[in-house]
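>>> Let's see this in three dimensions:
(chains A, B and C)
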Amino acid sequence: MLAMAETSTLGELASLVGGRLEGDPSLPIRGVAALGIAGPDQIALLAASRYRPDVPGSRAGALLVSTDLAAALQDGRPRVIVADPHAALIPLLARFHPAAPARAGIHPTAVLGRGVRLGSDVEVGAYVVLGEGAEVGDRARIGANSVVGRGCRVGADSLLHPQVTLYSGAVIGARVILHSGARIGSDGFGYAASSAGHAKIPQVGGCIIEDDVEIGANSCVDRGSIGDTVIGRGSKLDNLVHVAHNVRIGPHCVLTALVGIAGSTTVGTGVAFGGQSGAIGHLTIGDGAKVAAKSAIFQDVAPGTTVMGIPASDQGPMRRAFALFPRLPELFRRLRALEGRPGAREGLPPDEDEGGA
Amino acid sequence: MLAMAETSTLGELASLVGGRLEGDPSLPIRGVAALGIAGPDQIALLAASRYRPDVPGSRAGALLVSTDLAAALQDGRPRVIVADPHAALIPLLARFHPAAPARAGIHPTAVLGRGVRLGSDVEVGAYVVLGEGAEVGDRARIGANSVVGRGCRVGADSLLHPQVTLYSGAVIGARVILHSGARIGSDGFGYAASSAGHAKIPQVGGCIIEDDVEIGANSCVDRGSIGDTVIGRGSKLDNLVHVAHNVRIGPHCVLTALVGIAGSTTVGTGVAFGGQSGAIGHLTIGDGAKVAAKSAIFQDVAPGTTVMGIPASDQGPMRRAFALFPRLPELFRRLRALEGRPGAREGLPPDEDEGGA
Amino acid sequence: MLAMAETSTLGELASLVGGRLEGDPSLPIRGVAALGIAGPDQIALLAASRYRPDVPGSRAGALLVSTDLAAALQDGRPRVIVADPHAALIPLLARFHPAAPARAGIHPTAVLGRGVRLGSDVEVGAYVVLGEGAEVGDRARIGANSVVGRGCRVGADSLLHPQVTLYSGAVIGARVILHSGARIGSDGFGYAASSAGHAKIPQVGGCIIEDDVEIGANSCVDRGSIGDTVIGRGSKLDNLVHVAHNVRIGPHCVLTALVGIAGSTTVGTGVAFGGQSGAIGHLTIGDGAKVAAKSAIFQDVAPGTTVMGIPASDQGPMRRAFALFPRLPELFRRLRALEGRPGAREGLPPDEDEGGA
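Here you go, the predicted structure:
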């Protein structure tokens, strides 16, 4: 926990989040916590109905609750009511957990190549290596042991956590966050196959991470083969995500952990990929599409559609098909009955037969 | 290979593993190897019936064999019979491959922040960065190029391989092993969505790795948003595993490679996840549950159950359904025959039709 | 972009790639680009029919086109016609994007253990740690912040990008490329389970990466438990791939991103794994097999077969079954009609019923 010893009144907090206060505005609050562990000097979040049963037993001094849940809530505690409790968490947590103070400066162990250009108030950690001609914008921070290749650009206010690698020429926008172990601009997976094996095709394209992107720990975004790989403005990638060469992810997309997008696929604006889902290459996935966890996209996805399954298709029919799938054995049984041979087996080994007959 | 030139007699080894010896106790043995490559001075493992056909051709001088396989084994070689040959490997391998001697000491290149506290006989490798106030317990070892954030605690006898990252405040128990590239306490994937995009919710919770946990190469365990993420005592995570914010993994769980557990899911005691399986968020997975490889858990799992599939459900019906799945085309054909239109096609493109009619 | 200001004539380029030139041989060409962004001084690739619609609007000065696409192409531009445009890219891109000049030398910050042996013209980057007795072959390059364990061998002309880890004893062949964050020789995932938990089985085997292998960013290849893990000559692993202990990957295999191969599985020659596919342990996958993206192999695969699905089986029937899968609800409806109860429901909650009745 990064808890600090700040104290606010509930009234100040309600005002901070633009919420409606019901209860004593002078109640002292020292932090935000989950319902199950909050104490009398903490405000607890109630944002989903699944956590309503935890309310009565909670020791929280106050609740931060959504408008729709507040109406039916039988609880006498002070509460702050907001439209979106998750959005309200942002100023609340910033109040109780102020960011560590910036420590501009270049650690004496950092190795700077020729022609490196650093903006003002840049922080470069221990054992960082900045390649020739790399540029780092104002107030950007480069975590310990990170390696920034030659000719890279890192925009203002961006944060590279420790042990990030930027391959040569990678371009990182402003206010980007790259978590530890992120690899940006690594070679795409491109070979010319012949009877002699796979000959490597030079990967000479760019890798562009636009403003306000966040990329999770140990995620990889390959450079283009020719042309660029692009992660659009404001998109968020979770941990262990793979984006192949020449993929173009539009703005404001969400790629959850362990997602893989194969080469040259184009993803529109505001697309959401659930965990462990993926798409093969050379596809177009339309704006606002949603991809269920674990799905595999093998063909283009129309804008605004929600798809699931392997291969992924429209959620509606797929959900019904998934619900019926475990009943395949029953289906075979009913079919056999209609065929007038209810006792027949289907030729499978006993433990894989339909359990029927 | 880390092979050393130790020599033991077979009698010593039988005694070491508490096994029953059949054959010459004075046979000299210099190592353990697989059946296929073991030589006359090595003992070979026979722990699964699938490897029985390799026995006659093996040059191994002796066999380490399980009680149940020993009975039917037609082989005249000396043998050591034990209930669990894998467990017996532990003292055997320790005998032939003693661990490298500890080298307590702080490498002169290590960067120690203010207030760092080190126990006795700690080993800190080259280019390690220890943040302010970090504590490292007795005999713990921190591999080269690792970064330990401010306020972290690493318990006694723990081992961080090279290039591990602990984000600030991470708490690592005793006898924990973190493999290279493991990222502990990285930010959870939490945003408040609005028409303007996704605003980052500060991730201020803790990340607790309890005693005797092992975490594989390049695996990621996010810190909690508010509250903690916990990996329970004795649990083992393979490579490239993702554990999201506020997940609680109970003691003695096994998460195989490429598993992903989404936010706030609670996993009980002794749960086993097969490779590439996953669970969505806010679920409860009961004690002793087993999740087949590649499965996706979309709802709570009862204690003691084995589930498989996407979405995962009870293994029994799912196995039968999976076995029947490739026969869907036949099912449509038989249905058509009953409907009295055996020659009809189902409106699919020819190569995707059921091959029927 | 790594673009350089080289200029060639189209005639020189046709000759360089062994292609047939149609058009002005003196046309100056300064680079290779995708159809959509190429300018008049660039040659654009047309290797797949799906990109033919981009030809008319392209500003490219010339086209590099495959023999089979060239015949039907209505376009008056100069063109170079080759059998395999991807293979032709290799010399073309080398012409326009010459590799950065080698910079043999040992960075003064590199830490070399006792008995390290370095070949001629080796490059060792900043903050590299080479363990005792490690050997690095001629012209090999070790990227910044990489850690090479004791007793490792790295072959001639191999390239380790920054932040690679080789665990002790790993053997890397010649002309191998290891991308940033690759972990080679990490402990396999082996435990002896008992009521007291999981006891670690020492992982003392080797990890051998043969000549001409390329391993993507953040991929992991575990060492053997006893015996070796082997990646065969010329095989290519994409990003975030997991190869478990004692796996043997034959020569010239392709493992796409996020693939996982469980312990002791043997993969033949020239096997291709699509993205996010996997195999459980102790299997044999035959030469030339192809595994569709997202598939899970639960049993041996015969040589030359193409498999897909979970569990994976022959592609032909599986493709037909996948195409029919979303029609399971219809199947139940038709069955009910035959049974004389068309209006019955199947006992599912309304939104998961078959939409039938």
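
>>> Within range of chain B, give me the residues from the stretch 151-300 of chain A.
Counting by Cβ under 8 Å from any Cβ of the partner chain, the residues of the stretch 151-300 of chain A lying close to chain B are A:161-163, A:177, A:179-181, A:212, A:214, A:216-218, A:234, A:236, A:238-240, A:251-252, A:254, A:256-258, A:274-276, A:293-294. C-betas here are computed from N, CA, C, even on glycine.

>>> So which bits of the stretch 1-150 of chain A are right by chain B?
So far as Cβ under 8 Å from any Cβ goes, the stretch 1-150 of chain A lies against chain B at A:1-3, A:32-34, A:36-37, A:45, A:48, A:50, A:84, A:86-87, A:89-90, A:93-94, A:96-97, A:100, A:107, A:109, A:125-127, A:143-145.

>>> Swap in 6 Å and give it another go.
Applying Cβ under 6 Å from any Cβ of the partner chain, we find that the stretch 1-150 of chain A lies next to chain B at A:1-2, A:32-34, A:86-87, A:89-90, A:93, A:97, A:126-127, A:144-145.

>>> Which of those residues fall in strands?
Secondary structure from DSSP state E places A:32-33 of the residues of the stretch 1-150 of chain A next to chain B in strands.

>>> Quick check on the residues of the stretch 1-150 of chain A next to chain B: which are buried?
A:1-2, A:32-34, A:86-87, A:89-90, A:93, A:97, A:126-127, A:144-145 (16 or more other Cβ atoms under 10 Å in any protein chain shown).

>>> which among the residues of the stretch 151-300 of chain A next to chain B are in contact with chain C?
Near chain C, by the rule Cβ under 6 Å from any Cβ, you find A:181, A:218 out of these.

>>> Look up the pLDDT of the residue nearest to A:G216 when sequence neighbours are not counted for me, please.
Sequence neighbours aside, A:N239 is the residue nearest to A:G216 in space, at 3.8 Å (criterion: Cβ to Cβ, 6 or more residues apart in numbering or on different chains). At A:N239, the model reports a pLDDT of 98.

>>> And for A:R341?
79.

>>> how many neighbours does it have?
11 (other Cβ atoms under 10 Å in any protein chain shown).

>>> So A:S264 versus chain B, what's the distance?
Distance, A:S264 to chain B, by Cβ to the nearest Cβ, to the nearest Å: 24 Å.

>>> give me phi/psi at that residue?
Phi and psi for A:S264, reported as degrees, to the nearest 10, are phi 70, psi 10.

>>> Kindly report the residues of chain A close to chain C.
A:111, A:127, A:129, A:145, A:147, A:165, A:169, A:181, A:183, A:186, A:189, A:192, A:197-199, A:201-202, A:204, A:206, A:218, A:220, A:226-227, A:242, A:260, A:262, A:278, A:280, A:296, A:310, A:313, A:317-318, A:320-321, A:323-324, A:334, A:338.

>>> Pull out the buried residues from those.
Of the residues of chain A next to chain C, these count as buried by 16+ other Cβ under 10 Å: A:111, A:127, A:129, A:145, A:147, A:165, A:169, A:181, A:183, A:186, A:189, A:192, A:197-199, A:201-202, A:204, A:206, A:218, A:220, A:226-227, A:242, A:260, A:262, A:278, A:280, A:296, A:310, A:313, A:317-318, A:320-321, A:323-324, A:334, A:338.

>>> what's the angle from the helix or strand where A:L331 lies to helix C:328-338?
Applying DSSP states H and E as the criterion places A:L331 in helix A:328-338. Helix A:328-338 and helix C:328-338 are oriented at 20 degrees to each other (axes from the mean of the first three to the mean of the last three Cα atoms, to 10 degrees).

>>> close to chain B, is helix A:328-338?
Yes. Helix A:328-338 is in contact with chain B by Cβ under 6 Å from any Cβ, via A:328-329, A:335, A:338.

>>> What's the mean pLDDT across that helix?
The average pLDDT within helix A:328-338 is 91.

>>> follow-up on the earlier one: ok, the residues of helix A:328-338 next to chain B vs C:G270, which is closest?
Taking Cβ to Cβ as the measure, C:G270 sits nearest to A:L328 out of the residues of helix A:328-338 next to chain B, at 34.9 Å.

>>> Report whether the expected contact of A:P303 with A:G286 is present.
Yes. Under the criterion of Cβ atoms under 6 Å, A:P303 makes contact with A:G286 at 3.1 Å.

>>> The two: which is more packed in?
The neighbour count for A:P303 versus A:G286, taken as other Cβ under 10 Å, is higher for A:G286 (17 against 14).

>>> For A:I297, see how far away the more buried one is.
11 Å (Cβ to Cβ, to the nearest Å).

>>> Equivalent analysis for A:V243, please.
14 Å.

>>> ok but A:Y51 is inside a strand, no?
No. Looking at A:Y51 with DSSP: H, G, I helix; E, B strand; the rest coil, it is helix, so not inside a strand.

>>> Report how many residues lie close to it.
18.

>>> Low-confidence bits of chain A, can you list those?
Applying pLDDT under 70 to chain A flags the ranges A:1-5, A:343-357.

>>> Tell me how it divides into domains.
A:8-96, A:106-316 (automatic domain parsing).

>>> can you tell me which residues contact the closest residue to chain C within the stretch 1-150 of chain A?
As assessed by Cβ to the nearest Cβ, chain C sits closest to A:V147 within the stretch 1-150 of chain A, at 4.0 Å. Counting by Cβ atoms under 6 Å, 6 or more residues apart in numbering or on different chains, A:V147 touches A:129, A:165, C:144-145, C:162.

>>> Much appreciated, bye for now.
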